[in-house]
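> Got a sequence here, can you build the structure:
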Amino acid sequence: MLAVALTNLSSARPVEAAQGTPLQLEVILNEVPTNLIGSFVEFPDKRIAARPPELGELGIRLPASATGDEPIALEDVPGLSYRYDGPAQKIFVKAADERLITNVYDIRGHPQTFVPARADFGAVLNYTLFASSVASCLDRRQAVRSVWHAQPNRNPRCDGGTASRRVAP
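Prediction:
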């Protein structure tokens with residue numbers, strides 16, 4: 001029974017070495033942290049690869065020829081370069097603009113519907129009123145009170161406007 005277990009163990013190692021070592025790395029895309037962990041594979045020749053769906057989730061667009069679920073070496077993708085930091089478990093990816101996927105997040109939670117604009121009759125009322133009061137501390141009889149108002153849709157600084165000020169003792 002021990003011989004069977006050792007045989008199964010030794011047959012599993014070459015398969016793992018042929019496929020590469022799995023890595024879970026923090027992804028920095030164009031010097032901006034993505035706050036995502038990506039699944040990568042490090043081949044024995046030290047090349048790093050990832051599956052196309054994984055790269056898509058990380059915001060990297062692949063050429064149309066890259067289909068399937070087999071890992072693609074990152075250096076084989078045109079417009080893409082990377083630097084692997086093993087001790088920090090990070091991968092720094094630089095991608096050309098045509099290699100970036102735009103993410104759109106809709107947090108409204110409902111389908112987008114537009115209400116058509118109506119063309120109806122209406123009215124607007126615009127009125128301004130300003131009041132102030134100043135009283136002397138020594139003599140309350142010298143208090144000045146004023147009220148200023150302007151008629152709707154007229155500018156009191158221009159000719160034709162109406163402004164009035166009332167001063168009350």
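> Need the nearest residue in space to residue 37, chain neighbours excluded.
residue 24 (5.4 Å; CB to CB, 6 or more residues apart in numbering). C-beta here means a position set from N, CA and C on the backbone, and glycine is covered the same way.
> ok but that neighbour is inside a strand, no?
Yes - counting by DSSP: H, G, I helix; E, B strand; the rest coil, residue 24 is located in a strand.
> which residues does it contact?
37-40, 89 (CB atoms under 8 Å, 6 or more residues apart in numbering).
> Just the buried ones from the residues you listed?
Listed as buried from the contacts of residue 24 are 38, 40; burial here means 16 or more other CB atoms under 10 Å.
> Among the contacts of residue 24, name the ones in strands.
Using DSSP state E, the subset of the contacts of residue 24 located in strands is 37-40.
> Mind putting those residues into a markdown table with pLDDT?
Formatted as a markdown table, the ones in strands among the contacts of residue 24 follow (pLDDT from 0 to 100):
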| residue | pLDDT |
| --- | --- |
| 37 | 95 |
| 38 | 94 |
| 39 | 95 |
| 40 | 95 |
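> Stretch 101-121: which residues count as buried?
In terms of neighbour count (16+ other CB under 10 Å), stretch 101-121 has no buried residues at all.
> got it, and stretch 21-28?
Under the neighbour-count criterion of 16+ other CB under 10 Å, stretch 21-28 has 23, 25-28 buried.
> do stretch 73-81 as well
For stretch 73-81, the neighbour count (16+ other CB under 10 Å) marks 74, 77, 80 as buried.
> Which residues does it contact?
Residues outside stretch 73-81 that contact it (CB under 8 Å, 6+ apart) are 43, 47-50, 60, 62-63, 66, 82, 93-96, 98-99.
> For residue 69, list the residues it contacts.
Residue 69 neighbours (CB under 8 Å, 6+ apart): 51-53.
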